[in-house]
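Student: quick check, what structure comes out for this input:
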Amino acid sequence: MFRVPGVAVLAALLLAICATPVAFGAPFLWLVYLVPLAIIVWVIWVRTVADADGLTVRGLRGSRRIAWSELAGLRLTGKGTVLAVLAADSDPRPEVALPHVRTRHVPALSVISRGLVPDPTEGGERPVTPAAESETAGEPQVGAESGDPAAKPE
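Tutor: Numbers count the residues shown, from 1 in each chain. Have a look, this model is predicted:
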C-alpha cells in the first residue's frame, strides 16, 4: 500500500490547535477549521493499493480498479511520480496517476505483480527507454509501451 503515513494526521490536528485563536477572532473565521479537516480526509483516503490482481487507485474524486492485464506499462515522470499507462482498448483516458507511488517503488510493483511490471533495476533485461511517442519527451517509460516484448502483461 502506497500512502501518506498516518502520523500526518497529527500535523493536521496541530494545525487545528494553532488555528483556534484565529477561528474565534471574528465571525465565520471558524471556517479555517476546514483546512485541517481536508488534510485529514486526504491523508486517510488517498492511496494506491497493489495486490496480486492489480492496482486500486483511490483519489478524492473516487476509486478505480486496474487489473494487471489492463496495464500496458508505467510512465515515470521527471518529478519522480508514476503514471499507469492503460492498454489502448481499455479506457478513453490512456494514463492514470498513481497517488503516492514514486519511481523508487517500481521494483516493489514488479514483485507484487509477479513480473508483469518490469523492474528497471534488474540487470539490463528490461531497460528503461525514453518514450518516443509520449507528448512529454524525455520521460522514461517502463513496460510494454517501451518496446520490450517481454514486458507485455499476459
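Student: if you skip the residues just before and after it, what's nearest to residue 84?
Tutor: Here the nearest residue to residue 84 in space, its sequence neighbours aside, is residue 96; by Cβ to Cβ, 6 or more residues apart in numbering that works out to 4.6 Å. In this view, the C-beta of every residue, glycine as well, is placed from N, C-alpha and C.
Student: ok but that neighbour is inside a strand, no?
Tutor: Yes: with DSSP: H, G, I helix; E, B strand; the rest coil as the criterion, residue 96 is assigned to a strand.
Student: give me every residue that touches it.
Tutor: If you count contacts by Cβ atoms under 8 Å, 6 or more residues apart in numbering, residue 96 has them with 57, 64, 66, 83-84, 86.
Student: with residue 40 instead?
Tutor: Counting by Cβ under 8 Å, 6+ apart, residue 40 touches 9, 12-13.
Student: may I have the secondary structure class of it?
Tutor: Classification of residue 40 using three-state DSSP returns helix.
Student: follow-up on the earlier one: including neighbour count, pLDDT and secondary structure, could the contacts of residue 96 go into TSV?
Tutor: Output for the contacts of residue 96, formatted as TSV (neighbours: other Cβ atoms under 10 Å; pLDDT from 0 to 100; DSSP: H, G, I helix; E, B strand; the rest coil):
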residue	neighbour count	pLDDT	secondary structure
57	22	93	strand
64	14	91	strand
66	20	91	strand
83	20	91	strand
84	25	91	strand
86	18	89	strand
